[in-house]
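# can you look at this prediction? I've put the sequence above it.
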Amino acid sequence: MNRDGTPGNLADALGMLERGLDFLNGPGRDADPAALGEVLRALAGIGAKHAAARMMMLARFDAHDCHDADGFATTPTWLGWHARMAPGKARAELKEARQLAARPVMAAAMAAGWLSPSWAAKIREWAAVLPEEEASAAAEQILLDAARADGVTLIDLRNIAALLIETWRMEHGEPDTDDGDFRDRHLQLDLTLGGAGRLVGDLTPECGAAVRAVLEALGKRRG
């Protein structure tokens, strides 16, 4: 361990983590009820960091075929034996680890503690609706940026995702299957030479609600 109390190696880090959890599962359970809200908020951030670290380690383990050293053919079978994980859960964990490894920005957000694993999964799910890789990546980044703003809820993010998806469909002539005729729908942004903009559109009720939610989120006082 370093002089400033930080771990000097992986063994130190894992030992400190385990001792901290032992305290929370032991004497820490008797914390003042008035402090429990703050404890839960802190644990939520710690949980995101823990998930990011676990996924990063798992992705590296799989990429280097580390399971071979213990005589296992695949990473899920290794997890089933050594982590006592059900087969379906092991496969899901590996899939999530691979997805996160391919998204360094999202992984960094989880490692920083402000993006929860469940929100990360929803952002990936909504962005994946867009069939083009570039459009999907751009939507994912927009949703990540929005998720960091104060006061944003998962409903806000869902509405933003709906707006992005519907805008893409209108631009590419692919109407939503819930409404077969989108020929009278449009969204147009005109910019002047000075950079000022004028937004004009004719949207479905769902997309209109999404636009309103986005504007309300952007219009909130930020200090």
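Now that the structure is in, tell me what you want to look at. Numbering: from 1, shown residues only.
# can we go C-alpha only for contacts and neighbour counts from here?
Fine.
# average pLDDT across the lengthiest helix in the chain?
When the chain is parsed with DSSP state H, its longest helix is helix 36-63. Averaged across helix 36-63, the pLDDT comes to 96.
# residues of that helix that come out buried?
For helix 36-63, burial by neighbour count (16 or more other Cα atoms under 10 Å) applies to 44-53, 55-56, 58-59, 62.
# just the pLDDT for the residue nearest the centre of the chain.
Per Cα atoms, centre = their mean, the C-alpha nearest to the average position across the chain is that of residue 120, at 1.4 Å. Residue 120 carries a pLDDT value of 95.
# okay, strands next: where are they in this protein?
In the chain, the segments counted as strands under DSSP state E are 186-191, 197-202.
# rank those by mean pLDDT and give me the bottom one.
strand 186-191 (a mean of 67).
# tell me, please, the helix or strand in the protein that averages the lowest pLDDT.
helix 205-218 (a mean of 65; mean pLDDT, DSSP states H and E).
# distance of residue 115 relative to residue 139?
Plainly put, residue 115 is 16 Å away from residue 139 if you go by Cα to Cα, to the nearest Å.
# re the thing from before, which non-adjacent residue is nearest the residue nearest to the centre of the chain?
Closest residue to residue 120 apart from its sequence neighbours, by Cα to Cα, 6 or more residues apart in numbering: residue 106 at 7.1 Å.
# pull the number of nearby residues for the one you found.
Using other Cα atoms under 10 Å, residue 106 is surrounded by 22 other residues.
# isn't it up against residue 144?
Yes. The pair residue 106 / residue 144 is scored as a contact, 7.4 Å apart, by Cα atoms under 8 Å.
# how about residue 13: what's its closest non-neighbour residue?
Spatial nearest neighbour of residue 13, excluding adjacent residues (Cα to Cα, 6+ apart): residue 7 at 5.1 Å.
# quick one: contacts for the one you found?
Residue 7 makes contact with 1, 13, 16, according to Cα atoms under 8 Å, 6 or more residues apart in numbering.
# confidence score at it?
So residue 7 comes in at 89 (pLDDT).
# swap in residue 167?
Model confidence at residue 167 (pLDDT) stands at 86.
# how about the one 3 residues further on?
For residue 170, the pLDDT comes out at 83.
# next, count neighbours for it.
Using other Cα under 10 Å, residue 170 has 17 neighbouring residues.
# any idea how far it is from residue 190?
Residue 170 sits 17 Å away from residue 190, going by Cα to Cα.
# what does residue 173 give?
The gap separating residue 173 from residue 190 is 20 Å, by Cα to Cα.
# again, but for residue 31
Separation of residue 31 from residue 190 (Cα to Cα): 57 Å.
# do the same with residue 64
51 Å.
# residue 128 reaches residue 136, doesn't it?
Yes. Counting by Cα under 8 Å, residue 128 touches residue 136, with 5.8 Å between them.
# for the protein, what spans make up the helices?
Using DSSP H, the helices of the chain run over 10-25, 36-63, 75-82, 87-101, 104-112, 117-127, 133-147, 154-171, 205-218.
# redo the ones you listed as TSV? Include distance to residue 196.
Conversion of the helices of the chain to TSV gives the following (distance: least, Cα to Cα, whole Å):
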stretch	distance to residue 196
helix 10-25	52
helix 36-63	39
helix 75-82	54
helix 87-101	38
helix 104-112	30
helix 117-127	29
helix 133-147	21
helix 154-171	21
helix 205-218	17
